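A.B. asks: Quick one, what's the 3D model for this:
(chains A and B)
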Amino acid sequence: MRELLLSAGYDHWILTVLLVVPVLGALVVWIGASALESGGGTDAAGTPPGTAAAARFARWVALLTFVAEFVLSVGLWWSFDPSIDGWQSLISVPWITTWRVNYTLGVDGIAVVLILLTTLLMPLTVMGSWTSVREKVPTFYALMLILTTGMIGVFVSLDLFLFYVMWEVMLVPMYFIIGIWGGERRIYASIKFFIYTMIGSFLMLVAILYVGFHVGGTAAGQAPDFSYPDLLARLRVTPIAARWLFGAFFLAFAIKVPMFPFHTWLPDAHVEAPTAGSVILAGIMLKMGTFGFLRFAAPLFPSAALDPGIRAIILGLAVTGVLYGALVALVQPDFKKLVAYSSVSHLGFVMLGIFAFTQQSVQGAILVMLNHGISTGALFLLIGMIYERTHTRQISDYGGIARVVPLFSTLLTFVALSSIGLPGTNGFVGEFLVLIGSFRTVPYHAMLATVGVIFAAAYLLWAIQRILFNSLDKPRNAALRDLNWRELALMAPLVACIIWLGVYPAPILRRTDHAAAAFVQEVEHGSGTQRPSSRVAYAPGARP
Amino acid sequence: MSGGSVHQALSVAVSQAVPLPGSPAAVAPTFDLHIPSQLTLALGPDIVLFVGTTVLMLWAAWRPDSREHQSNVGRASLALVFVTMAAVVGYDLAHVTAGPGVIAVDAFRWASDLIFLAASAGTIALSIDYNAREGILAAESHVMVLFATSGMMLLAAGRDLMIIFLGIELMSVAVYILAGFNRRSARSAEGALKYFLLGAFSTGFLLYGIALIYGATGSTNLTVIGDRIHLYSLAGTPLVTVGVALILVGFAFKIAAVPFHMWAPDVYEGAPTPITGFMAAAVKAAAFAAFLRVWLEAFGDVVYQWHDAMWFLAILTMLAGNVVALVQRNIKRMLAYSSIAQAGYVLVGVVAGTTLGASAFLFFLAAYTLATLGAFAVIVALGDAGETQLDIGDYAGLWTTRPWLAAAMTACMLSLLGFPIFGGIGFLAKWYMLQAALEASYFGDAKPQVELAVMIVVTSVISAGYYLRLVTIMFMRPVRADGGAAGNAAPRAGHLTQWVVGVSVALLLALGLAPAYLVSWTAKSAPVIANRPTYLLPSSAIPPR
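C.D. replies: Numbering: from 1, shown residues only, chains lettered A, B, ... in the order given. You can find the predicted model right below:
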């Protein structure tokens, strides 16, 4: 299969196509829907028939675009060769020559896995919001499509300028999705989300410029150099400067992760966002932060990342996040907020895995990122489904509904167990790898984090009990409809992934093997004069 | 008049006047400014505009005021602006240069001219619709915009303090009149009077400064001043220091830098909306263009005297402009403070004092002009007769009633905020400015500018508070019960207004995706800095530390 794809030049165009397809989809949605909307007057009910037609059109176009995107990214998964080091599917085209900014794209194993997660979740979120989004439907789906370009762009950019642009592109559609289609406090939540993210990213902007000048200036001429492989190969800053720069990147990524204590935007945004927004936020956008640490912050500034003080702070915050998130989740009366805080806890595991700097823990961290995307995404989708029926997220408003909605209850229990990390589900593999990997370098942190796994069982099982298994004492819950075919169909791929990754995670591990090893190597030996990593290599002909 | 024919005419005229070595086609024409005919040629576009304006002035006064006459004169003015633009482009493409003299013939001048002309074209187009709605019949308003533009072009060209003073006066007097053009509005009159009094006051500072500099150096020519300060080591002498300080105060008034900004919000609020846009975009850009040229060409050697003052001026302007904008409810006042804040960003390019700083300066002005023009065009499009709906709450729910205008306003706000893709070129402008600030600190031996770069981003975060609030109100709040500006009662925008909104936002977004040409154009259009301390040279000439 790989040869077949490569013979079609797949690795030359796939990444660009992945970026362009959603934008084209958004344009089709937008233009088609406005043509349909202007189609005609109003029917007896007072709603213009054109609006309903436009909404239907927008849903189908968005779904088909995302399915196409998923198929394309499966091709990327196949064409990716796990046995070789370095960047794959690399392309580089000059964009702004005067500033030496290039349109450089490429993937490593980590990016491939996360791209697949993104393209898997997006069609499911479209199906999940099929009936729950009723107002301004075309705009909603157009924003979702543009958001996808931004998210994939973050994973594939190998030029820091392009990376920053993509990083910001993600922000605006999500701000509108939360602010227009969200819950009661949506405006507050969307502005908080926007400003928090912006504070971090603007400081990162200064840091990006600084490293660009640092590398470009010492090489040829006065133009800065923002190519990531170049930076990886040649960036040498003083330890003090490295700490400042690492700090700027850290702030941007830590807010996005979010690490304790930068997490306060997260419960608001997750809770107020519509279902699709919550799924994307938790499933994909939180990974941007940890991905940023893996790709940029630690490899570019190894001396700062290895600095005992800084590392102690980050590990301390990670473990605090694991425990704090779990404990706060325990007392949430709102189920969506509970899942939001559980994200803080899970992402703490990821940070622990990354900053333990062993290959096992890093691979575990990547797996946890993936698993969290699948399990928490599934949880938010399920919450969305039941919310559509009851319009309440309060755990106390439910009780004993297992008898009324057995399919829903089975799925919720199953997904919750995977989120807890039950052996045999995906959650177990990732957290286990993180814990055994980090036990070798930071045993005390690992031990503390293990307690977090127990807390996870406590808050989720207790919530499950209160929602599904207590007595059915609310009369209005007795008439709930169970899941329909659409909802079952959209949960099926997620359930399949939960089992597949729990039983046989080898395909993921094989693909992240080299990238994780390269990451550890870059960080641990990066302060020397010669970078050992193969990732500094550039494709022939890409640069003069 | 097309660019090509200007080029040919110029080449012919110059090759007849000056025997050039080598083939005439290969060597760009050079004007000898001491020969009157060549000086006239060097002022070609300015003369086209000025003569055309004078003719239009007569035509405007010739016939009684009426709606048609107002509109006709406006359209003729637009045509004149486009002809002048073509002339400027022709001169730019001809790569004409000039020897020493009272005016500069360089790419910086043409680049600045194009920015002014674009802004005045937008202003005139908006004014035609606006005047019709407000019942302003006087056709002279368009002519006043053209006179102000003539002054601006003179400012960009001036390489002599007297020419610059002339340009400032020509521009300012026309704008004083424009600010008070709506005679039925007490606010407009109040703003105009305030502007006039403070403007006259600041001109006094400027003139006093010029006199002192002349006393110290014996010349008003920028190049000669620069050379003499260098040659006789005049930097730090009391006369030069005080002179520079006074000129700085004069310019700071014109660009509304904090703490010399007090006039701006009242004037911006009172003036007719298109004129407010004109003041925020073009007038400010013109003052800046002259400011930059004077500072780079004449006062390069005095850098240690002015650097700290400008540094604080930039920081204060960024901080105060953005913070005070946060509490504004009136959209014109909010944009006034926003434009003060943006002036702070532009000042960073001047403080950097490098070639890169000057390029970033031009790029930023282009981006800022587009965004400002677009934003004011949306305000004009949404306004009603008498301009009663200028509270930002009046824009609630705009997206549901006028989606295109809401989207356009959002693009302009995000551009001013400095956001990529959705804000188009605005992000690139800020990026360029940050680049300039960081480069100056990295290569230079002057004071480090990293603080300025950090200040740009910190204040940008603050500015999200008000730019984003408008977006939030337009998209996320329901239409108010009384309708507000978003209500159905709002009049449809005139065609010209729609064109201004469309063109400026389309340019904003398109240049944000494909900025390569604009970047290289502004990079080559930076004024040439020669015979200056090492830190003012292009950084390629300095070995990195």
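A.B. asks: remind me which residues of the stretch 301-450 of chain B are low pLDDT?
C.D. replies: Under the criterion pLDDT under 70, the flagged ranges of the stretch 301-450 of chain B are B:440-448.
A.B. asks: So what does the closest residue to chain A within it look like in phi/psi?
C.D. replies: Nearest residue of the stretch 301-450 of chain B to chain A, counting by C-beta to the nearest C-beta: B:Pro420, 4.3 Å away. Bear in mind the C-beta positions are built from the backbone N, C-alpha and C, glycine included. When read as degrees, to the nearest 10, the backbone of B:Pro420 gives phi -70, psi 160.
A.B. asks: Identify the residues contacting the top strand by length along chain A?
C.D. replies: The longest strand of chain A (DSSP state E) is strand A:88-96. Here strand A:88-96 makes contact (C-beta atoms under 8 Å, 6 or more residues apart in numbering or on different chains) with A:10-12, A:14-16, A:76, A:79-81, A:101-108, A:158-159, A:161-162, A:227, A:538-539, A:542-543, B:428, B:515-516, B:519.
A.B. asks: and stretch A:475-492, average pLDDT?
C.D. replies: Average pLDDT, stretch A:475-492: 86.
A.B. asks: Between its first and last residues, what's the separation in that stretch?
C.D. replies: Criterion C-alpha to C-alpha, to the nearest Å; first-to-last residue distance in stretch A:475-492 is 30 Å.
A.B. asks: What residues sit buried inside it?
C.D. replies: Judged by neighbour count (16 or more other C-beta atoms under 10 Å in any protein chain shown), stretch A:475-492 contains these buried residues: A:Asn477, A:Leu483, A:Glu487, A:Leu490, A:Met491.
A.B. asks: which residues touch the first one?
C.D. replies: Okay, so that is A:Asn477. Counting by C-beta under 8 Å, 6+ apart, A:Asn477 touches A:Thr390, A:Asp397, A:Tyr398, A:Gly399, A:Gly400, A:Ile401, A:Val404.
A.B. asks: Closest one to B:Lys332 out of these, please.
C.D. replies: Minimum distance to B:Lys332 across the contacts of A:Asn477 is 47.3 Å, recorded for A:Thr390 (C-beta to C-beta).
A.B. asks: Now do that closest one: how many residues are near it, please.
C.D. replies: Residue neighbour count, defined by other C-beta atoms under 10 Å in any protein chain shown, stands at 15 for A:Thr390.
A.B. asks: so which helix or strand takes in the closest residue to B:Gly218 other than its chain neighbours?
C.D. replies: Once flanking residues are discounted, B:Gly218 sits nearest to B:Arg228: 7.0 Å by C-beta to C-beta, 6 or more residues apart in numbering or on different chains. Element membership for B:Arg228, per DSSP states H and E: helix B:222-231.
A.B. asks: Using CSV, list the CA coordinates for the helix or strand that comes right after that helix.
C.D. replies: Next helix or strand after helix B:222-231 toward the C-terminus (DSSP H and E): helix B:238-254. Extracted in CSV, the C-alpha atoms of helix B:238-254 (Å, rounded to 0.1, in the frame of the first residue of the first chain):
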residue,chain,number,x,y,z
PRO,B,238,22.1,73.1,24.0
LEU,B,239,20.8,74.7,20.9
VAL,B,240,20.5,71.4,19.0
THR,B,241,19.2,69.5,22.0
VAL,B,242,16.4,72.1,22.7
GLY,B,243,15.7,72.4,19.0
VAL,B,244,15.3,68.6,18.6
ALA,B,245,13.1,68.5,21.7
LEU,B,246,10.8,71.2,20.4
ILE,B,247,10.5,69.6,17.0
LEU,B,248,9.7,66.3,18.7
VAL,B,249,6.9,68.0,20.7
GLY,B,250,5.5,69.5,17.5
PHE,B,251,5.5,66.1,15.7
ALA,B,252,4.2,64.3,18.8
PHE,B,253,1.1,66.6,18.7
LYS,B,254,0.5,65.9,15.1
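A.B. asks: Now do the buried residues in helix B:238-254.
C.D. replies: B:240-254.
A.B. asks: Now do that helix against helix B:222-231, angle only.
C.D. replies: Going by axes from the mean of the first three to the mean of the last three C-alpha atoms, to 10 degrees, helix B:238-254 is angled at 140 degrees with respect to helix B:222-231.
A.B. asks: Now do the helix or strand that comes right after helix B:238-254, average pLDDT.
C.D. replies: Next helix or strand after helix B:238-254 toward the C-terminus (DSSP H and E): helix B:263-270. The average pLDDT for helix B:263-270 rounds to 89.
A.B. asks: residues making contact with helix B:263-270?
C.D. replies: With C-beta under 8 Å, 6+ apart, helix B:263-270 has contacts from B:179, B:185, B:187-192, B:194-195, B:198-199, B:253, B:256, B:276, B:279-280, B:330, B:332-333, B:335-337, B:339-340.
A.B. asks: which of those count as buried?
C.D. replies: Buried by 16+ other C-beta under 10 Å: B:179, B:185, B:188-192, B:194-195, B:198-199, B:253, B:256, B:276, B:279-280, B:332-333, B:335-337, B:339-340, out of the contacts of helix B:263-270.
A.B. asks: Low-confidence ranges, the chain, go.
C.D. replies: By default, I'm working from chain A. Applying pLDDT under 70 to chain A picks out residues A:39-49, A:216-222, A:526-544.
A.B. asks: meant chain B actually
C.D. replies: Within chain B, the ranges that satisfy pLDDT under 70 run B:1-28, B:440-448, B:483, B:485-492, B:528-545.
A.B. asks: So which residue is dead centre in it?
C.D. replies: Most central in chain B under C-alpha atoms, centre = their mean is B:Ala285, positioned 1.6 Å from the mean C-alpha point.
A.B. asks: Buried among the contacts of strand A:88-96? Need that as a selection in PyMOL.
C.D. replies: To isolate the buried ones among the contacts of strand A:88-96 in PyMOL, judged by 16+ other C-beta under 10 Å, type:
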select buried, (chain A and resi 10+11+14+15+76+79+80+101+102+103+104+105+106+107+108+158+159+161+162+227+538+539+542) or (chain B and resi 428+515+519)
